[in-house]
Structure formats: structure tokens, C-alpha cells
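S.K.: No sequence on hand, only this structure:
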């Protein structure tokens, strides 16, 4: 059975920030942290920075592709905060990142070079043997934002862009794959069709994600259609799509506003209500509450990322004074996403059940993919600013 690694050969390891304060659930907090760091001097700035072997205030770094972060040593930085960018931090959690290469231990510039409005990133959600029962998230998730790559399972998978070049050019698929599938199923097969099939049919295994390929064109068509629904939900309105919505009467609403600092999250199954301290959101389907990724409830993981205590005196401790309204909006959208995915879980289970369809076997002449397909494409048509403002044209 083909593995995801075989069908989408180019995969990049997750980002490694080296310091938690460069990520935040809201952009304004990142600006506050930047300003506090820039105001500090000498030893205080070094301590707030949280130096690592890869990055210290004295480290110069190349500019991240497509961003305007500085390249000089941060010890001399006096400028304004770069515009924070959205990223996918863990499963389904859209957060914000300071796009400054001097602050990130391993930023994976090759991913930033192909991150544009046409790109879709796939990342494995991670599995944990013997994890608590519940509705499991699909083993492969899609994102219009660059994924951080972290996983509650502690074993994040590689990040796989759908396209190897900006503008939706050169699919990150084994060469000849779409042609072979088109010949098998009797109609054109595009890169997005393959992506949708992967989202619908991926099966977790100890070796990674397995992607069975069916012999029958009808099974392929049904899986691609299911994958399109999964993709539209996870894109959340990006790429010109519609934002996920539940039908009237099933949409979650705020029944009681969350307190400024809710300390607990719980679920009331009788009233289908999510409880944030004294706050109350309903209706919330049980499938949304129980949906887990890497053995952890997604909603609990999202809440902890916003409420877990930080060490006093650190930049990570700089947070909103209360519970921002935008967090509530994000939570309502997340509940909607999880509810819709929960509704599709049954169809995914039927498609991926052992023996659900006759598998098609090998793809002669396609797999294994050549080693060149596992390396990033050379996509640069301009100079990128290197450390201390020097221009360089690095290899892709």
C-alpha cells in the first residue's frame, strides 16, 4: 500500500521556534512582546530573548522569504514589530507568529518560499497507541496557513506543500502519478483530486500514513468528493471558498460571556453546552467536544494554549488583560469546524475500513519517486537578503 511519503515525496520537518513567546493566539500580544524586548537593554534583553544554541541576540540571520524582518543582530534592533502572520499551531489552532528569522531557531525557509494564496499544506496529525476513546481527527490535516507542525502526540509528521513552486505550479506528487491515475479511472485527475483523496482515505499505521488507492473509479470519485468537503471545512474560507457554517438551529452561540480569565473548560452533554468557567456556549455537538488529535481533545488543547500559566517576568507572560472577543469568535469557528468534521467521520470510517474496496496494487513506473522529487525546487527569481543585509541567491 502506498505511503503518504511516496505519493507526496517532498516533506519538510516541523518548524522549531526555540522560544514560545514568538507565537501567540492574537497578533496584538506579539507586538506588545516585541516592543518590550526592544525597550530592554543589555543583559535584560538577552534574558527576555531566551537564547539557544541556534539563536541569541547576537545572531544575524537571512530574511525570511516574502517577509520584511531585519537581518542584523537583534542586540542592535530598535525598529517596529514586523507584521505577525497566521500559522497553524497544532491541530486546528490558528495562531500568530513573528516572521523574523532572527527569532526562530529553524524556520524552514523553503516552506516560506512557496507559501502563497494558492498553496495548501498537509501535515500528519499524529497518533498515540492506546489513546482514550473518542472521535479521532483525520490522520492528515490541511491548512491554508503554514503549519508550525507541532502535535499533542509529541510525534509531529512532516509538512507537505501541495505545490513545489509559487502560484500553484509543479505539484508535490510523484512524477507521473496523476497520469497513471487518469489512465486507471478513465478521466483527468488533478493535483487537488489527489489531495482530496488523501484527506479522505489516509489510514494511520506505525510506519506513517497509508494511502490506499482503489481499483474502481466509482470508489475514487466518492473518496474525492468526501475529500473536497473535508478540505473546504479545513480551509475556513481561504482560496475563495465559503467559511464553514452549520445549519440554522445548530449554530453555536454565546449564551453567557466567558469571564476575563476562565480557569476551566468542561462539557455539559445534557444541554450540549461548552463551559468556560462561568461562560457558556451552546449548542455544541458531542462529536465536536470528543474530537481528539494525538489522543488529546482538540477543544481542551485550544483552551490550554490560551490559559496555561507562564513564568512571571518572561515575554510569554505578556498576554491580554482579559478574554478578547476575537478568541470567542475563533472558538465559535473552531466548534463549527469540529462539528462538521464529526459529521463526516462516519463516511471516512466506511471508506477507510479494511476490505472496504479492492485496492489497485502497485503503480509501475511511478513509485518509488526519484530522489530529486524529495528535494525542494529551485524557485528563486530574485535575490534574498542574507545576514547583516548582504544579498545572496541561495539554492532552492
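M.R.: That came through, no problem. Here the structure is a predicted model, which means the values were calculated and not measured.
S.K.: Tell me, what's the model's pLDDT at residue 138?
M.R.: Residue 138 is assigned 86 on the pLDDT scale.
S.K.: Equivalent analysis for residue 389, please.
M.R.: For residue 389, pLDDT reads 60.
S.K.: Quick check: chain neighbours aside, which residue is closest to residue 82?
M.R.: Excluding the flanking residues, the one nearest residue 82 by Cβ to Cβ, 6 or more residues apart in numbering is residue 69, at 4.8 Å. All C-beta spots, glycine's among them, are computed from the backbone N, C-alpha and C.
S.K.: Read off the pLDDT value for that neighbour.
M.R.: 82.
S.K.: and residue 275, that one's in a strand?
M.R.: Yes - assessed by DSSP: H, G, I helix; E, B strand; the rest coil, residue 275 belongs to a strand.
S.K.: element containing the closest residue in space to it that isn't next to it in sequence, please.
M.R.: Excluding its sequence neighbours, the residue lying closest to residue 275 (Cβ to Cβ, 6+ apart) is residue 266, at 4.5 Å. Element membership for residue 266, per DSSP states H and E: strand 265-268.
S.K.: Tell me the strands beside that strand, with direction?
M.R.: Strand 265-268 has these partner strands in its sheet, going by DSSP bridges: strand 273-276 (antiparallel).
S.K.: ok, then the element right after the strand it pairs with?
M.R.: strand 279-282.
S.K.: other SSEs contacting that next one?
M.R.: strand 253-256, strand 273-276, helix 325-352 (3 or more Cβ pairs under 8 Å, 6 or more residues apart in numbering; DSSP states H and E).
S.K.: now residue 320: how far from residue 26?
M.R.: Distance of residue 320 to residue 26, computed by Cβ to Cβ, to the nearest Å: 7 Å.
S.K.: shouldn't residue 342 be in contact with residue 291?
M.R.: Yes - here residue 342 reaches residue 291: they are 5.8 Å apart, a contact under Cβ atoms under 8 Å.
S.K.: Looking only at neighbour counts, state which of those two leads.
M.R.: A count of neighbours by other Cβ atoms under 10 Å puts residue 291 above the other of residue 342 and residue 291, at 23 against 18.
S.K.: residues touching the more buried one, list them.
M.R.: Counting by Cβ atoms under 8 Å, 6 or more residues apart in numbering, residue 291 makes contact with 134-137, 297-299, 338, 341-342.
S.K.: Closest one of those residues to residue 96?
M.R.: Using Cβ to Cβ, residue 298 comes nearest to residue 96 of the contacts of residue 291, at 18.8 Å.
S.K.: For the closest one, give its distance to residue 82.
M.R.: 29 Å.
S.K.: Equivalent analysis for residue 170, please.
M.R.: Distance of residue 170 to residue 82, given as Cβ to Cβ: 29 Å.
S.K.: same question, residue 61
M.R.: For residue 61, the distance to residue 82 - Cβ to Cβ - is 13 Å.
S.K.: And residue 16, by the same measure?
M.R.: In terms of Cβ to Cβ, residue 16 sits 19 Å off from residue 82.
S.K.: Tell me which of these two has more neighbours.
M.R.: Per other Cβ under 10 Å, whichever of residue 16 and residue 82 has more neighbours is residue 82, with 19 against 15.
S.K.: Correct me if wrong: that one contacts residue 97.
M.R.: No - judged on Cβ under 8 Å, residue 82 makes no contact with residue 97 at a distance of 10.0 Å.
S.K.: Residue ranges in this structure under the pLDDT threshold?
M.R.: Applying pLDDT under 70 to the chain flags the ranges 126-135, 151-156, 379-386, 388-396.
S.K.: now, of the helices and strands packed on strand 279-282, which is deepest in the fold?
M.R.: Mean neighbours per residue, mean count of other Cβ atoms under 10 Å, is largest over the helices and strands packed on strand 279-282 for strand 273-276, with a mean of 22.
S.K.: So what touches that strand?
M.R.: The contact list for strand 273-276, computed with Cβ under 8 Å, 6+ apart, reads 252, 255, 258-259, 262, 264-268, 280-284, 289, 299, 303, 323, 335.
S.K.: can you rerun that using 6 Å?
M.R.: With contact meaning Cβ atoms under 6 Å, 6 or more residues apart in numbering, strand 273-276 is reached by 258, 262, 265-267, 280-282, 284.
S.K.: Show me what counts as buried in the strand holding residue 266.
M.R.: Neighbour counts using 16 or more other Cβ atoms under 10 Å place 265, 267 of strand 265-268 among the buried residues.
S.K.: what about the helices in this protein?
M.R.: Taking DSSP state H, the helices of the chain run over residues 4-7, 27-39, 42-49, 109-112, 177-185, 191-201, 217-235, 286-290, 298-307, 325-352.
S.K.: Buried by neighbour count: which residues of the second one qualify?
M.R.: Think helix 27-39. 27, 29-34, 37-38.
S.K.: neighbours of residue 169, just the number please.
M.R.: 12.
S.K.: again, but for residue 375
M.R.: Residue 375 has 14 neighbours, counted by other Cβ under 10 Å.
S.K.: same thing with residue 355?
M.R.: With other Cβ under 10 Å as criterion, residue 355 counts 6.
S.K.: where does it sit relative to residue 20, distance-wise?
M.R.: 45 Å.
S.K.: And for residue 166?
M.R.: Residue 166 is 30 Å from residue 20, where distance means Cβ to Cβ.
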